[in-house]
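Asker: how would this look folded up:
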Amino acid sequence: MRPWSLVACIGLLMVSVSEVVDAEPLVVEAALDRRVVAPLLEAFEQSHPDIELVFHDRSTLEVDTLVERGDPAPDVVISSAMPWQMARVNQDYARPLHSREARAWPDWAKWRDEVFGFTFEPIVMAYRLDLPRHMMPPSTHADLHTLLTTRQDMLRGKVTTYSPARSGVGYTLFQQDARYTPRFWDLVAAMGNVDAHLEENTRAMLQGITEGRYWLGYNLLGSYAMVWAQHHPEVIVQVPQDYSLVMMRMAFIHRDAPHPRQAGEFVDFLLSRDGQRVLAGQTPLFSVRPDVSGPYTAQRLRDQVGDQLYPIPINASLLAFVDPQRRDAFMARWRREFQRSR
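Answerer: Presented below is the predicted three-dimensional model:
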């Protein structure tokens, strides 16, 4: 065999190996309901037909475990458990994204160009359509506390919220509530007094409301609740009028991502005007960018709720929520207050 033929064969072999590598799917591990985010995933696949996308929808705690133990590691990690995402980034599990979209992303919605909050989701209450036949539905946290303490016999076993022990996002929301609600622990005690059911996810709460097992739900993810209510008219969604927390899905590229280039393209799409336009127009995940329009944008939500909209900040303060001693102390008090009146 002549030398040039050997070189040509090696070149063809390298091209073939490259094609095989590129043919491997981009794996996204996410705490994000695929049915809600489907329009965004479809838009990405249409604009990147060369990238095969595998999207796994898991619980927040499952996603966090896969960051450390995934074999192979996921390419992209998405979760609503904001403190856990920040902790993993702080442990150097994230690969920086050096792109125009990343540099332009607002500072309040990212951390060191490594993790990005790309949604703007209000935290809501939900109740059955027929609740007003029995009592005035709550529109504020104070209203909720009043109902739980004055209508406890009627509401016993009919209220639901997150389990802070079994849900990362639930734990995060209650930690934030403790900052903004002066009588937070009284509210926890009141929920315990009516034997509130503690669920792992928003879907379980909504299912219970639809089936009539629950009349009232507290601290649900607004994105899921709004989609559910579109198909289940017996469910009414209420954005609290005294204040509303806002949660952001945080996304980062894993430091050991098997496909870092494709992972970068995916995260870039989440931040891009095209991707955010899909969020604003076709999903209730709410876009962050101010240069897109649609029914689901951060600005439109601000216009509706006003100054009482409290986004959970993406900064180092999130790390305190996963500190073991602080978590143990919070959970110990939660259990004590939840059982206070029993």
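Asker: contacts, neighbours, all on C-alpha from now
Answerer: Will do.
Asker: backbone phi and psi for Glu29, please?
Answerer: phi -100, psi 120 (degrees, to the nearest 10).
Asker: ok, what's across the strand from it?
Answerer: Applying DSSP bridges to Glu29 gives these bridge partners: His56, Val77.
Asker: my read: Val194 touches Arg151, true?
Answerer: No. Using C-alpha atoms under 8 Å, Val194 makes no contact with Arg151, being 9.1 Å away.
Asker: who has more neighbours out of the two?
Answerer: Val194 (23 against 14; other C-alpha atoms under 10 Å).
Asker: report pLDDT for the nearest residue to that one once chain neighbours are set aside.
Answerer: Excluding its sequence neighbours, the residue lying closest to Val194 (C-alpha to C-alpha, 6 or more residues apart in numbering) is Arg156, at 4.2 Å. pLDDT recorded at Arg156 is 96.
Asker: ditto for the one 3 residues further on
Answerer: Among the per-residue scores, Val159 shows a pLDDT of 98.
Asker: for it, name its beta-bridge partners.
Answerer: On the basis of DSSP bridges, Val159 is bridged to Leu216.
Asker: distance of it relative to Tyr171?
Answerer: Noted for Val159: a distance of 18 Å to Tyr171, by C-alpha to C-alpha, to the nearest Å.
Asker: one more: Ala43?
Answerer: Ala43 is 32 Å from Tyr171, by C-alpha to C-alpha.
Asker: look at these two and report which has more neighbours.
Answerer: Tyr171 (22 against 14).
Asker: mind listing the helices for the stretch 201-342 of the chain?
Answerer: Taking DSSP state H, counting those that start in this stretch as the criterion, the stretch 201-342 of the chain carries its helices at 202-211, 222-231, 260-271, 273-282, 298-305, 324-338.
Asker: select, out of those, the one closest to Glu121.
Answerer: helix 222-231 (6.1 Å; C-alpha to C-alpha).
Asker: tell me the domain boundaries of this protein?
Answerer: 3-119+248-308, 121-246+320-338 (automatic domain parsing).
Asker: ok, of these, where does mean pLDDT dip lowest?
Answerer: Taking the mean pLDDT of those, domain 3-119+248-308 comes last: a mean of 88.
Asker: done for today, thanks.
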